[in-house]
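J.: any chance you can model this:
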Amino acid sequence: MKRIILAGLFALSAVAHADTSTYVWQGKGQWSDAQLQAAAQVCDQRYGVVENGAVTSGNYKRCMLKQGWRYQSTAREKTFIDPDSGMSCHDEGGMSVCVPPQGTVRYFDPDQGLPCTRTGIVSVCSNF
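T.: The predicted structure is shown next:
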């Protein structure tokens, strides 16, 4: 009997603009999102969280496969740093949707004429 393969979408980052990786369930029977999340958590602990924009390592893919999930692909979402706010943005339907960036971003604010540093929701602009 032909095995039914179901695809599960799994965002590897909690940020709204994260890339989306697709894993295909290879086991028998039904699967749940909780099973996929549990498998990813095990692999995150062993090999580290796959950061937005990073390539999924072979070790991570093999870890997921051992738990019944075959890596299929990753859809990359193009993001950019807004020069006015330092926020991480992506275009959506003719407008930009922005969220605090992951990590620290250094940018130049043209309105203030100052270099700035943003970490999460905190932004500091200074000429020192």
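
J.: quick one, phi psi at Tyr47?
T.: Dihedral pair for Tyr47: phi -120, psi 0, per degrees, to the nearest 10.

J.: let me fix that: Gln30
T.: With angles defined as degrees, to the nearest 10, Gln30 sits at phi -80, psi 160.

J.: burial measure for it, as a count.
T.: Residues near Gln30, counting by other Cβ atoms under 10 Å, number 9. Just so you know, the C-beta spots here come from the backbone N, C-alpha and C atoms, and that holds for glycine as well.

J.: for it, give its distance to Arg62.
T.: 24 Å (Cβ to Cβ, to the nearest Å).

J.: now do Ile81
T.: Counting by Cβ to Cβ - Ile81 and Arg62 are separated by 34 Å.

J.: those two: which is more packed in?
T.: Ile81 (16 against 12).

J.: ends of stretch 98-112, what's the gap?
T.: Start-to-end span of stretch 98-112 (Cα to Cα, to the nearest Å) is 20 Å.

J.: quick one: distance of it to the chain centre.
T.: Here the centre of stretch 98-112 is set off from its chain's centre by 18 Å, with Cα atoms, centre = their mean, to the nearest Å.

J.: show me what counts as buried in it.
T.: By neighbour count on 16 or more other Cβ atoms under 10 Å, the buried set for stretch 98-112 is 98, 100-102, 105, 107, 109.

J.: burial check on Asp84, number of neighbours?
T.: Neighbour count for Asp84, taken as other Cβ under 10 Å: 14.

J.: break this protein down into its structural domains.
T.: 6-75, 80-125 (automatic domain parsing).

J.: for this protein, just list every one of the helices.
T.: 33-47, 58-66 (DSSP state H).

J.: need the ones you listed in CSV with mean pLDDT and distance to Pro115, can you?
T.: Shown next, in CSV, are these (pLDDT from 0 to 100; distance: least, Cβ to Cβ, whole Å):
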stretch, mean pLDDT, distance to Pro115
helix 33-47, 93, 34
helix 58-66, 96, 36
